[in-house]
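Colleague: Could you work out the structure for the sequence below:
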Amino acid sequence: AVFFQKAAQDMLYHLVPVCVSRYMCADLMSKHSVCISNVPGPQQPLAIGGKRVVGVEVVFPNVIPQLSLFSYNGKVCGNLVVEPEFVSEPVKLADMFDEEIRRLAISLRVDVV
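Modeller: Presented below is the predicted three-dimensional model:
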């Protein structure tokens, strides 16, 4: 149902007043509890303005918790965003997530930096 709602909103977004489109966006996001994204990125080094890009971070501008992973140049970068009001120890959660990812990598014989 959410997929069809999103498709309908995409079609109508530019046809309605701004106040309605804001309501539509807030309504869609209120139906989610977390945003998880795994975006494959370029696997060769890039440069911007003559400076080599060493890592990439992805953050979605919304109000729900999010876990974002982005592969770039043979590495995986990640962000974990939570609401401190509801997650009392966000650093501990991030450390535990990191520990589990490292365990998974070791079990799969993947190099961990």
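Colleague: The residue most central in space within the chain: helix or strand, and which one exactly?
Modeller: Closest residue to the average C-alpha location of the chain: residue 68 at 2.9 Å, with C-alpha atoms, centre = their mean. Using DSSP states H and E, residue 68 falls within strand 66-72.
Colleague: by contact count, what packs against that strand?
Modeller: Packing contacts for strand 66-72, counted by 3 or more C-beta pairs under 8 Å, 6 or more residues apart in numbering; DSSP states H and E, involve strand 35-40, strand 75-81. The way it works is simple: take the backbone N, C-alpha and C, and place the C-beta from them, glycine included.
Colleague: Could you point out the longest helix of the protein?
Modeller: Ranked by residue count and defined by DSSP state H, the top helix of the chain is helix 90-107.
Colleague: In space, what's closest to residue 78 - neighbours in sequence excluded?
Modeller: residue 69 (4.7 Å; C-beta to C-beta, 6 or more residues apart in numbering).
Colleague: re earlier: quick check, the residue nearest to the centre of the chain in contact with residue 76.
Modeller: No. Applying C-beta atoms under 8 Å as the test, residue 68 and residue 76 come out as separate, 10.6 Å apart.
Colleague: weakest of the helices and strands packed on strand 66-72 by average pLDDT?
Modeller: Across those, strand 35-40 has the smallest mean pLDDT, namely a mean of 75.
Colleague: for the next helix or strand after it, what is the average pLDDT?
Modeller: Next along the chain after strand 35-40, taking DSSP H and E as the criterion, comes strand 47-48. For strand 47-48, mean pLDDT is 94.
Colleague: And for the helix or strand following strand 47-48, what's in contact with it?
Modeller: Downstream of strand 47-48, the first helix or strand assigned by DSSP H and E is strand 51-52. Strand 51-52 has contacts (C-beta atoms under 8 Å, 6 or more residues apart in numbering) with 45, 46.
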